[in-house]
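In: need a structure here:
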Amino acid sequence: MMIMRSTKLDYINFEEVNTLLEGFNKTTGFVTAILDLEGNVLSKSGWRQICTEFHRINPETSMNCRISDTALANKLGKDEKYHFYECLNGLVDVAVPIVINGEHIANLFSGQFFFEGPDREFFKEQARMHGFNEHEYLKALDNVPIVSKEKVKDAMEFLLNMTQLISDITFKKLEQIELNEALRISEERSRGVLDSMLEGCQIIGFDWKYIYLNRTAEIHNRRPNKELIGRRYMDIWPGIEKTEVFKIIKNVLERRVPHHFENEFIFPEGNPGWFDLSIQPVPEGVFIQSVDRTERKIAENALRESEAKYRLISDNSDDWIYWIAPDRQIHYVSPACERVTGYSPEEFVNNRELNQEIIYGADQEIVQQHARISALDDTPHNLEYRIVKKDGAVRWISHSCSPIFSNNGEYLGRHSTNRNITERKLKEEQLYESEFRFSNLYENGSFGMVMVDREFRFKRANPAFAQSRGTLKLNSGT
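Out: Take a look at the predicted model:
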């Protein structure tokens, strides 16, 4: 970040600098001043009478001062730490550059003295040219000290250290400002990212006051952010101190150790909410990231209740019921399986191939064919086939299988109901055999038989009856 020259000068603490320069003046007698590169006086201490009451008041000599303070003062030699020069009004000055981060921004001056006795005729001419009172002007001239170069150089070493101190302090202050500005920009960028996040983001300070909440956190809290910012967490949620979430936040604030957990929260109106919370220590306090799991939890609870009802019904059903997950793992087997197959639910769970192994040999191909067809389009299928019980007995079952999907369309596996229909099948076989025997007797018997309706009209007659009547065909109603 670029800092303009005037801005850098603004960050020099001239109040403290003036105190140092005043002390230097009282101790050594050297007058000092700090001027910018355009000759504007920023600080001064103990200026000579000849300057304050004569040279800097008269327009022409004041212009000489400004030229001396800029053009002459800035002619610093390559290897010079400070620069001696004679100002245009005849006094000797020394300039020490003030450099901050490689940039020359001002000069510290000491001077208004002579290295040897002054040329009084020059100053008499000055008085005449500029209309000064000669007596008063020469009297002020006599108050200008004559100082040896060695003494001036000793004083300059102190002033050099002072300018270095000024430069270092100002540079560090500017550096901190740059860091703060970079941090501010970074925080604004981060806040912009946080504001657009789907997760809730909030910062709570060490004093438990809300510092920041994004829009999603506002939705999660079900209260506008303007009601939260600046207010204490426990004042917003009365009774929160007794909850586990408060203890965890307090622990993160004090021990600075992150924590992740799922929290059930009861809103003031009595409705529950479930949130996945990640709490991280940050310089301001704690950062809380929240993901709303309420809908998922409600769905899970509903599914759990549904499963409990399903299990209750299935556990008490005479049908053998099982649920196979998408990975072909058996999710559930009802107790009735042991009555139907002779195998326990645990045996089916431990051997997922048992469902296939107990199919009667002659029926295995038709069962596998139906299974392949239904698997292609996840359609239900119904089939009757035989199984071989654990004791070797053969039983007929009516098999019904359907796919299971969650509310959001996720495939959860297949549900099968198997009913023992052996008794029905035996009766069907007995009926078939009876019908077969009757049909054979009817057609081939030696005695005549005839079927009539309720009005005693002939419906059917066997060959023996037809022969006894002398006809081979009997029409209905004849």
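In: residues of stretch 109-121 that come out buried?
Out: The neighbour-count check on stretch 109-121 (16 or more other C-beta atoms under 10 Å) flags 109-114, 118 as buried. C-beta: built from backbone N, CA, C; applies to glycine.
In: now for the strand or helix carrying Thr19, which elements pack on it?
Out: With secondary structure defined by DSSP states H and E, Thr19 is part of helix 14-28. If you count contacts as 3 or more C-beta pairs under 8 Å, 6 or more residues apart in numbering; DSSP states H and E, helix 14-28 packs onto strand 31-36, strand 41-45, helix 149-195.
In: tell me the angle that helix makes with strand 31-36.
Out: 150 degrees (axes from the mean of the first three to the mean of the last three C-alpha atoms, to 10 degrees).
In: Residues contacting helix 14-28, please?
Out: Contacts with helix 14-28, where a contact means C-beta atoms under 8 Å, 6 or more residues apart in numbering, come from 30-32, 34, 42-46, 155, 158-159, 162, 166.
In: What are the boundaries of the helices in the stretch 351-478 of the chain?
Out: 354-357, 364-377, 422-444, 463-468 (DSSP state H, counting those that start in this stretch).
In: Now the second one: buried residues?
Out: Along helix 364-377, the positions that meet the burial threshold by neighbour count (16+ other C-beta under 10 Å) are 367, 370-371, 374.
In: Touching, Pro281 and His259? I think so.
Out: No: look at Pro281 against His259 with C-beta atoms under 8 Å: they stay out of range, at 9.7 Å.
In: which neighbours do the two share?
Out: Val252.
In: any idea how far Leu37 is from Glu103?
Out: To Glu103, Leu37 is 10 Å away according to C-beta to C-beta, to the nearest Å.
In: More neighbours: these two, which one.
Out: Between Leu37 and Glu103, counting by other C-beta atoms under 10 Å, Leu37 is the more crowded of the two (17 against 12).
In: Is it correct that that one is in contact with Ala106?
Out: Yes: judged on C-beta under 8 Å, Leu37 makes contact with Ala106 at a distance of 6.6 Å.
In: Can you name the residues bridging to Cys44?
Out: Heads up, residue 44 is Lys, not Cys. Ala33 (DSSP bridges).
In: Report pLDDT for it.
Out: pLDDT for Lys44: 86.
In: got a list of what it touches?
Out: 21, 31-34.
In: farthest-separated two in these?
Out: Comparing all pairs in the contacts of Lys44 by C-beta to C-beta, the longest separation belongs to Val31 and Ile34, at 12.0 Å.
In: picking up where we left off before, point out the most buried one among the helices and strands packed on helix 14-28.
Out: Ranked by mean neighbour count, the helices and strands packed on helix 14-28 are led by strand 31-36 with a mean of 22 (mean count of other C-beta atoms under 10 Å).
In: So which other helices or strands are in contact with that one?
Out: Secondary-structure packing of strand 31-36 (3+ C-beta pairs under 8 Å, 6+ apart): helix 14-28, strand 41-45, strand 103-113.
In: and the ones you listed as TSV, adding distance to Glu295?
Out: Output for the helices and strands packed on strand 31-36, formatted as TSV (distance: least, C-beta to C-beta, whole Å):
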stretch	distance to Glu295
helix 14-28	62
strand 41-45	66
strand 103-113	61
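In: contacting residues for Ile240?
Out: So Ile240 contacts 233-234, 246 (C-beta under 8 Å, 6+ apart).
In: what do you get if the cut-off is 10 Å, keeping everything else the same?
Out: Ile240 sits next to 208, 233-234, 246, 249, 265 when contact means C-beta atoms under 10 Å, 6 or more residues apart in numbering.
In: same deal with His104?
Out: Applying C-beta under 10 Å, 6+ apart, the residues contacting His104 are 5, 37, 74, 76, 97-98.
In: and if we set it to 6 Å?
Out: Pro97 (C-beta atoms under 6 Å, 6 or more residues apart in numbering).
In: how far away is it from Leu20?
Out: Taken as C-beta to C-beta, the span from His104 to Leu20 is 21 Å.
In: domains of the chain?
Out: With domains defined by automatic domain parsing, the chain comprises 5-176, 197-292, 317-425, 445-478.
In: Ok, which of those comes nearest Glu435?
Out: Closest among these, once you apply C-beta to C-beta, is domain 445-478, at 14.3 Å.
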